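Asker: coordinates only, sequence not included:
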Ligand SMILES: [Zn+2]
Ligand SMILES: [Zn+2]
């Protein structure tokens, strides 16, 4: 697990190309969990900052994809952890799956359907279902901004005091450029552009992505440029 401090008390951990974030306040909160098997690295990091895994009290999920929710079951063995996710990513698997069509077809094959629990979180595994617009008691008030497109229930988490936002896969940065989520793995790119427009209205200095390095400074003009490039 490669760790980097974003601001004091907020850390980005990277493993297998996916980021997760640790917010160290009185209690510890995770934003996403990485792939299955990430809990060992998370526990080691938490010890490195002088804390303990049983201080992890909640996990906020940016969206219901395996590289972000993979270690939820392992982490829940450490402690009674509250799992928080947007309700639109938790609807009945056959009615509103958060995976795009190709993956959905695969998961409908009987064997894979049986093990789908390994791929997505079910509604019964989530303690708090978000609607969007909530303010969570973290970082002085962490706002839940619904940003559908990559998945129906993708959320960004915005800390106005720190001008910091966690975007999950609702936005990506590749070769130093901001980009829409990849078409192949997203459910609705028109909605994704609208979501980027929504991000551009926020006062931002730091953007933390589900994959890749964080972006410091200049977020607003880059977001507007992306909206323009996308024909929004
Ligand atoms: Zn994703
Ligand atoms: Zn991802």
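Answerer: Everything's here; your move. A quick note: this is a predicted structure, and the numbers were derived from the prediction, not measured. Ligands and ions are numbered 1, 2, ... in the order given.

Asker: So the residue positioned nearest the centre of the chain versus ligand 2, what's the distance?
Answerer: For the chain, the residue nearest the mean C-alpha position is residue 62 (2.6 Å; Cα atoms, centre = their mean). As for residue 62, its distance to ligand 2 is 8 Å (criterion: Cβ to the ion, to the nearest Å). All C-beta atoms are positioned from the backbone trio N, CA, C, and that covers glycine.

Asker: Quick check: chain neighbours aside, which residue is closest to that residue?
Answerer: Closest residue to residue 62 apart from its sequence neighbours, by Cβ to Cβ, 6 or more residues apart in numbering: residue 168 at 2.7 Å.

Asker: number of nearby residues for that neighbour?
Answerer: 27 (other Cβ atoms under 10 Å).

Asker: which residues does it contact?
Answerer: With contacts defined as Cβ atoms under 8 Å, 6 or more residues apart in numbering, the neighbours of residue 168 are 32, 62, 63, 68, 150, 154, 155, 156, 209, 210.

Asker: that older thread, assumed the residue nearest to the centre of the chain was part of a helix.
Answerer: No. Secondary structure assignment (DSSP: H, G, I helix; E, B strand; the rest coil) places residue 62 in coil, not in a helix.

Asker: pLDDT wise, what is it at?
Answerer: As predicted, residue 62 sits at a pLDDT of 98.

Asker: cool, and residue 110?
Answerer: 55.

Asker: By mean pLDDT, which helix or strand of the chain comes out lowest?
Answerer: Lowest by mean pLDDT, DSSP states H and E among the helices and strands of the chain is helix 110-114, with a mean of 53.

Asker: Show me the contacts of residue 168 that map onto strands.
Answerer: 155, 156, 209 (DSSP state E).

Asker: correct me, but residue 196 touches residue 229?
Answerer: No. Using Cβ atoms under 8 Å, residue 196 makes no contact with residue 229, being 10.1 Å away.

Asker: Which one's more surrounded, those two?
Answerer: Neighbours of residue 196 and residue 229, each counted by other Cβ under 10 Å, are more numerous for residue 196; the result is 23 against 13.

Asker: What's the mean pLDDT across the one helix or strand that one maps to?
Answerer: Residue 196 belongs to helix 189-200 when elements are defined using DSSP states H and E. For helix 189-200, mean pLDDT rounds to 96.

Asker: Could you name the helices and strands sitting against it?
Answerer: Where contact means 3 or more Cβ pairs under 8 Å, 6 or more residues apart in numbering; DSSP states H and E, helix 189-200 is packed against strand 142-146, helix 219-229.

Asker: and the angle for that helix with strand 142-146?
Answerer: Relative orientation of helix 189-200 versus strand 142-146 (axes from the mean of the first three to the mean of the last three Cα atoms, to 10 degrees): 150 degrees.

Asker: Quick check on the ones in strands among the contacts of residue 168: which are buried?
Answerer: Those of those that meet the buried threshold are 155, 156, 209, by 16 or more other Cβ atoms under 10 Å.

Asker: Go ahead and confirm the first one touches residue 133.
Answerer: No. Using Cβ under 8 Å, residue 155 is not in contact with residue 133; the gap is 10.2 Å.

Asker: who touches both of those two?
Answerer: Counting by Cβ under 8 Å, 6+ apart, the common neighbours of residue 155 and residue 133 are 144, 146.
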